[in-house]
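> no sequence on this one, just coordinates:
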């Protein structure tokens, strides 16, 4: 994987995580002390994210650097989050705040309601 490809993949993961949190580029930029344009450059893979900045971004997104890097290095390139409506975004944001055992319960409930085998 080339450095440009890695920058693009990491940027896509940052964008995906930010979007799932319902956070704007401006809001993330303010948390990091940078402009939304700089966030945009990171997300598009135009600028390389230095390690200290990566640590700050991960903290601002509430995830570990390891999670960001693992997602960027995965077999499939990260896809931008598709959030069809505000209701779905609200559910995702609240789901992310749950404890692991609560998340498992919600997943089982949704599968059951959708008529899937649990």
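Great, that's in hand. Computed from a predicted structure; not experimentally measured.
> just for the chain, where's the confidence low?
For the chain, the stretches flagged by pLDDT under 70 are 75-85, 118.
> how about the helices in it?
3-20, 25-32, 36-44, 51-61, 65-73, 86-95, 100-113 (DSSP state H).
> how far away is the most centrally placed residue in the chain from residue 42?
When C-alpha atoms, centre = their mean is applied to the chain, the residue found nearest the centroid is residue 17 (1.2 Å). Residue 17 sits 12 Å away from residue 42 when distances are taken as C-beta to C-beta, to the nearest Å. C-beta here means a position set from N, CA and C on the backbone, and glycine is covered the same way.
> got the contact list for the closest residue to the residue nearest to the centre of the chain other than its chain neighbours?
Leaving aside its sequence neighbours, residue 17 sits nearest to residue 61 (C-beta to C-beta, 6 or more residues apart in numbering; 4.7 Å). Residues near residue 61 by C-beta atoms under 8 Å, 6 or more residues apart in numbering: 14, 17, 18, 21, 23, 28, 68.
> burial of the first one, as a residue count?
Which is residue 14. Number of residues near residue 14 (other C-beta atoms under 10 Å) recorded here: 26.
> mind listing what's buried in stretch 10-22?
Residues of stretch 10-22 classed as buried: 10, 11, 12, 13, 14, 15, 16, 17, 18, 19, 20, 21 (neighbour count, 16 or more other C-beta atoms under 10 Å).
> okay, those in a markdown table with distance to residue 115 next?
What follows is the buried residues of stretch 10-22, written out as a markdown table (distance: C-beta to C-beta, whole Å):
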| residue | distance to residue 115 |
| --- | --- |
| 10 | 38 |
| 11 | 38 |
| 12 | 33 |
| 13 | 32 |
| 14 | 35 |
| 15 | 33 |
| 16 | 28 |
| 17 | 31 |
| 18 | 33 |
| 19 | 29 |
| 20 | 26 |
| 21 | 30 |
